[in-house]
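Novice: Show me the folded form of this:
(2 chains)
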Amino acid sequence: SAVISQKPSRDICQRGTSLTIQCQVDSQVTMMFWYRQQPGQSLTLIATANQGSEATYESGFVIDKFPISRPNLTFSTLTVSNLSPEDSSIYLCSAGLWGGEQYFGPGTRLTVT
Amino acid sequence: AQKITQTQPGMFVQEKEAVTLDCTYDTSDPSYGLFWYKQPSSGEMIFLIYQGSYDQQNATEGRYSLNFQKARKSANLVISASQLGDSAMYFCAMWGNTGKLIFGQGTTLQVKP
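Specialist: Predicted coordinates:
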């Protein structure tokens, strides 16, 4: 199994600002993903974080709004830019090996005022 | 396209009884994996159990077992001897040839004392 940490665990941000979330895995993994979970909803995949190259975004998510970095196999960041109240959600990082179990970080609760 | 369906928005179970949470899936990939996660009110996603499409036996992890019926494309989660701490949201998820996890809508389980 993999242990995943996320920072910050929660934040309250003002409209128009940005928040960067960090995800650290305790072992080398092939796959890292970022998800958003809006209140009362299921998880929606934002993008696949690719090591050393641009992330692969899902339909409805763009790099300008959600820039992602993954400089190595165990670390990734997600930035949520130009925040609006609609961005208030839980953001989750997941990681694992291709075709195997995937584990999640504890999540980051973002509230935009 | 892949799809996960959880048809039970909410379930109740008496403490110490067993409960089955339903999950059906659709995929054209010959190789895939099925997961169940638990999400308590704290928001973290806790990995419970995993079943690979080529696994011959149903997966079990302690009080959790996955009733995998490949022909029917179902992957129901069975929780035996329910405990109050089992009250949470439960998500069924699947990966296919992209390695990405697709989630169902979730089932809220409430365990009654």
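Novice: could I have stretch A:16-24 exported to CSV, CA atoms only?
Specialist: Output of stretch A:16-24 as CSV, limited to C-alpha atoms (Å, rounded to 0.1, in the frame of the first residue of the first chain):
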residue,chain,number,x,y,z
GLY,A,16,-9.8,35.8,-7.4
THR,A,17,-6.8,34.3,-5.6
SER,A,18,-5.2,30.9,-6.1
LEU,A,19,-4.5,27.9,-3.9
THR,A,20,-1.8,25.3,-4.5
ILE,A,21,-2.2,21.8,-3.0
GLN,A,22,0.7,19.5,-2.5
CYS,A,23,0.6,15.7,-2.7
GLN,A,24,3.4,13.5,-1.5
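Novice: residues making contact with it?
Specialist: Contact with stretch A:16-24 is made by A:4-8, A:11, A:13, A:32, A:34, A:74-83, A:91, A:93, A:95, A:105, A:108, A:110, as judged by Cβ atoms under 8 Å, 6 or more residues apart in numbering or on different chains. For the C-beta atoms, the positions are set from N, CA and C on the backbone; glycine is no exception.
Novice: contacting residues for the residue of chain B found nearest chain A?
Specialist: Proximity of chain B to chain A (Cβ to the nearest Cβ) peaks at B:M45, 3.7 Å away. Counting by Cβ under 8 Å, 6+ apart, B:M45 touches A:43, A:92, A:94, A:104, A:107, B:37-39, B:91.
Novice: Return the residues of chain A in contact with chain B.
Specialist: Residues of chain A lying close to chain B by Cβ under 8 Å from any Cβ of the partner chain are A:1, A:30-31, A:33, A:37, A:42-43, A:45, A:48, A:90, A:92, A:94, A:98-104, A:106-107, A:109.
Novice: hmm, 7 Å instead?
Specialist: A:31, A:33, A:42-43, A:45, A:48, A:90, A:92, A:94, A:98-99, A:101-104, A:106-107, A:109 (Cβ under 7 Å from any Cβ of the partner chain).
Novice: Could you find the residue nearest the spatial middle of chain A?
Specialist: When chain A is reduced to its mean C-alpha position, the nearest residue by Cα atoms, centre = their mean turns out to be A:W34, at 3.4 Å.
Novice: The chain: strands as residue ranges?
Specialist: With no chain named, the answer covers chain A. A:4-7, A:10-13, A:19-25, A:31-37, A:44-49, A:56-57, A:68-72, A:75-80, A:89-96, A:102-104, A:108-112 (DSSP state E).
Novice: wait, chain B
Specialist: Using DSSP E, strands in chain B cover B:3-5, B:10-14, B:19-21, B:24-26, B:33-39, B:46-52, B:60-61, B:64-69, B:74-79, B:88-95, B:101-103, B:107-112.
Novice: Same list, these, but as JSON lines with mean pLDDT and mean neighbour count please.
Specialist: As requested, the strands of chain B are arranged in JSON lines below (pLDDT from 0 to 100; neighbours: other Cβ atoms under 10 Å in any protein chain shown):
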{"stretch": "strand B:3-5", "mean pLDDT": "95", "mean neighbour count": "16"}
{"stretch": "strand B:10-14", "mean pLDDT": "96", "mean neighbour count": "13"}
{"stretch": "strand B:19-21", "mean pLDDT": "98", "mean neighbour count": "18"}
{"stretch": "strand B:24-26", "mean pLDDT": "96", "mean neighbour count": "16"}
{"stretch": "strand B:33-39", "mean pLDDT": "95", "mean neighbour count": "24"}
{"stretch": "strand B:46-52", "mean pLDDT": "93", "mean neighbour count": "19"}
{"stretch": "strand B:60-61", "mean pLDDT": "94", "mean neighbour count": "12"}
{"stretch": "strand B:64-69", "mean pLDDT": "96", "mean neighbour count": "17"}
{"stretch": "strand B:74-79", "mean pLDDT": "98", "mean neighbour count": "22"}
{"stretch": "strand B:88-95", "mean pLDDT": "96", "mean neighbour count": "24"}
{"stretch": "strand B:101-103", "mean pLDDT": "91", "mean neighbour count": "22"}
{"stretch": "strand B:107-112", "mean pLDDT": "97", "mean neighbour count": "17"}
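Novice: Alright, I will stop here.
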